[in-house]
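Peer 1: Below is the structure, and that's it, no one-letter string:
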């Protein structure tokens, strides 16, 4: 669990950043102890729906609010890794407009149409990876909610990216310290994959 990347830093996946902001204790179980993730029905449904959404996207006249004629390219399930940062992730969708603007799009199968902190952190991490790949500033991301057919545009600032890089170090310290974080009393526990290990 503690193998370092070629850049010398313990690699962190963007998915783990989302889990950290759900509950730091979840990272302790999943990463420090290596507890296997039990896929919940909702997670499996999200994967199936994503495939359907890709097909629907081809039939629509617009792409996440942009006219198809303004879109140069669409990348699906784009996997990126940066060894220097020790960061990796797979982006649901990336759109590149003909004006050169590039944006990460994250599909969310949720009853809550909102840019929660964990969701913005996820888009920020993707923006950083895209900046390293395409060598341009990425300042916008999109959260798309297929069930409601709604989307939320998220602004991503330099400060957001700076804070995200600091988050990576906090997560590494948590993993390497092998100290279990305090348990948060929350409704989230009912939906957590690590609940049975948490006690």
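Peer 2: The structure has been received and is ready for your questions. The structure displayed is predicted, hence computed values, not measured ones.
Peer 1: Now do the helices in this protein.
Peer 2: Read by DSSP state H, the chain holds these helices, from start to end of the chain: 14-22, 24-27, 41-59, 117-134, 158-177, 195-198.
Peer 1: Which one, of those, ends up nearest to residue 99?
Peer 2: Distances from residue 99 to each of these were compared using Cβ to Cβ; the minimum, 13.7 Å, belongs to helix 117-134. C-beta coordinates here come from the backbone N, C-alpha and C atoms, glycine included.
Peer 1: Need the contact partners of that closest one.
Peer 2: Surrounding helix 117-134, the residues in contact under the criterion Cβ atoms under 8 Å, 6 or more residues apart in numbering are 14, 17-18, 21-22, 80-82, 85, 87-89, 91, 94, 102, 104, 106, 108, 137-139, 141-143, 154, 156, 160-161, 163-165, 167.
Peer 1: Now list the buried members of those residues.
Peer 2: Of the members of the contacts of helix 117-134, the ones counted as buried by neighbours, 16 or more other Cβ atoms under 10 Å, are 14, 17-18, 21-22, 80-82, 85, 87-89, 91, 94, 102, 104, 106, 108, 138-139, 141-143, 154, 156, 160-161, 164, 167.
Peer 1: looking at the chain, which helix or strand is least sure?
Peer 2: For the chain, scoring each helix and strand by mean pLDDT, DSSP states H and E identifies helix 41-59 as the least confident one, at a mean of 63.
Peer 1: State the distance from the residue lying farthest from the centre of the chain to residue 99.
Peer 2: In the chain, counting by Cα atoms, centre = their mean, residue 69 sits farthest out from the average C-alpha position, at 27.8 Å. To residue 99, residue 69 is 12 Å away according to Cβ to Cβ, to the nearest Å.
Peer 1: burial of residue 174, as a residue count?
Peer 2: Here the neighbour count serves as a burial measure; for residue 174 (other Cβ atoms under 10 Å) it reads 19.
Peer 1: For it, give me its contacts.
Peer 2: Taking Cβ under 8 Å, 6+ apart as the criterion, residue 174 is in contact with 20, 24, 27-28, 32, 181.
Peer 1: at 10 Å what do you get?
Peer 2: Under the criterion of Cβ atoms under 10 Å, 6 or more residues apart in numbering, the neighbours of residue 174 are 20, 24-25, 27-28, 31-32, 180-181.
Peer 1: Distance to residue 63, neighbour count and pLDDT added to those, as TSV?
Peer 2: TSV is the format used below for the contacts of residue 174 (distance: Cβ to Cβ, whole Å; neighbours: other Cβ atoms under 10 Å; pLDDT from 0 to 100):
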residue	distance to residue 63	neighbour count	pLDDT
20	31	25	93
24	36	17	91
25	39	21	91
27	34	23	91
28	39	22	92
31	35	22	90
32	40	17	89
180	44	14	91
181	40	14	89
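Peer 1: Of these, which is the nearest to residue 64?
Peer 2: Minimum distance to residue 64 across the contacts of residue 174 is 27.0 Å, recorded for residue 20 (Cβ to Cβ).
Peer 1: Return the residues in contact with that closest one.
Peer 2: With the criterion set at Cβ under 10 Å, 6+ apart, residue 20 makes contact with 12, 26-28, 30-31, 118, 121, 167-168, 170-171, 174-175, 181.
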